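Asks: Sharing a model prediction with you, sequence too.
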Amino acid sequence: MNFTGWKIGVGALALTSLLYPACYAAEINTIAILTPEPGTDYGWNQQGINAAREAGKQEGVKVLVADNLGYGDVRPTLRDLADDGAQLFIAHASGYNQAAPEIGAQTGIPVAITDSPSSLKAGRVADYTVSGQEGAWLAGTLAAKMSRSGTLGIVVSGEPPAWNAQAAAFVLGARAARPAIKIRYAVIGPAAYSDAAGGKRVTASVIAAGADVISARATVQASACCRRWKPRPPRTAVKSGLSTSSATNPPSTKGTF
């Protein structure tokens, strides 16, 4: 397959960013995607894997999937994928931003990483960073107008740069619509993306602190908790994240803006 022929739609996330000039003439027959969580999470991991598979199907490219890897050292997995014939690594987690370029340099295989635009290297390292600030700003304005208690909540399962930007935009949008609005912010834990129990517990604590509209970043568990919770006035979940991921971590931070 000639890399110039690779065309995918919006559903393929940011894989189009892999079309950087140094790879235009390359013959790519096998690609590999690595994710920290299973490809059945209805979020970030599944979206990335499905996109890679669809692109591979359209272009006749073999797709190697290494999912549910967690956030430990993925260097051995990258080396195994190189041995299996991968000609392009898609490191679909910000936690892989150091290991993937390192192994890519050792093996001569180009890599795509996320949330690290400063790591770009022509022909070797591409970056795709999600930018959801505009949607988060609109969600903040809507949440502020819906709130009866005058307090909003933000519950996150991690703090990568893209999500921090979304959280900030949510606050700015809320205060543009209602300057006196209060914000309760809580983190379930570092990389606690699939911690369902933690999501429920932390969301409940934010609700108990007065929030009646919750913005859940990449934690469907928090949204589910809000749907089950029936205080007065009614609580509402505004989900503006993309993914889910690992571990059983306690809440690490909680604050008021």
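Replies: That came through fine. Residues are numbered from 1 along each chain as shown.
Asks: now residue 169: how far from residue 184?
Replies: Between residue 169 and residue 184 the distance, using Cβ to Cβ, to the nearest Å, works out to 17 Å. Bear in mind the C-beta positions are built from the backbone N, C-alpha and C, glycine included.
Asks: Surely residue 155 is within a strand?
Replies: Yes: secondary structure of residue 155 (DSSP: H, G, I helix; E, B strand; the rest coil): part of a strand.
Asks: How many neighbouring residues does it have?
Replies: By other Cβ atoms under 10 Å, 34 other residues sit near residue 155.
Asks: repeat for residue 124
Replies: Counted by other Cβ under 10 Å, the residues lying close to residue 124 total 17.
Asks: what does the one 4 residues further on give?
Replies: By other Cβ under 10 Å, 19 other residues sit near residue 128.
Asks: Can you tell me how far it is from residue 51?
Replies: For residue 128, the distance to residue 51 (Cβ to Cβ) stands at 11 Å.
Asks: now swap in residue 185 and tell me
Replies: Taking Cβ to Cβ as the measure, residue 185 falls 31 Å from residue 51.
Asks: Name the residue in those two with the higher neighbour count.
Replies: Neighbours per residue, other Cβ under 10 Å: of residue 185 and residue 51, the larger number sits with residue 51, 23 against 20.
Asks: So the more buried one versus residue 57, what's the distance?
Replies: 11 Å.
Asks: Next: residue 161.
Replies: Residue 161 is 32 Å from residue 57, by Cβ to Cβ.
Asks: Of the two, give the one with the bigger neighbour count.
Replies: Per other Cβ under 10 Å, whichever of residue 161 and residue 57 has more neighbours is residue 161, with 14 against 10.
Asks: which stretches of the stretch 1-150 of the chain aren't confidently modelled?
Replies: Low-confidence segments of the stretch 1-150 of the chain, defined by pLDDT under 70: 1-26.
Asks: Break down it into its helices, ranges please.
Replies: For the stretch 1-150 of the chain, the helices defined by DSSP state H, counting those that start in this stretch cover 44-59, 75-83, 99-107, 133-146.
Asks: in its sheet, what does whatever helix or strand residue 186 lives in sit against?
Replies: Using DSSP states H and E, residue 186 falls within strand 182-187. Strand pairing for strand 182-187, using DSSP bridges, gives strand 151-156 (parallel), strand 253-256 (antiparallel).
Asks: Much appreciated, bye for now.
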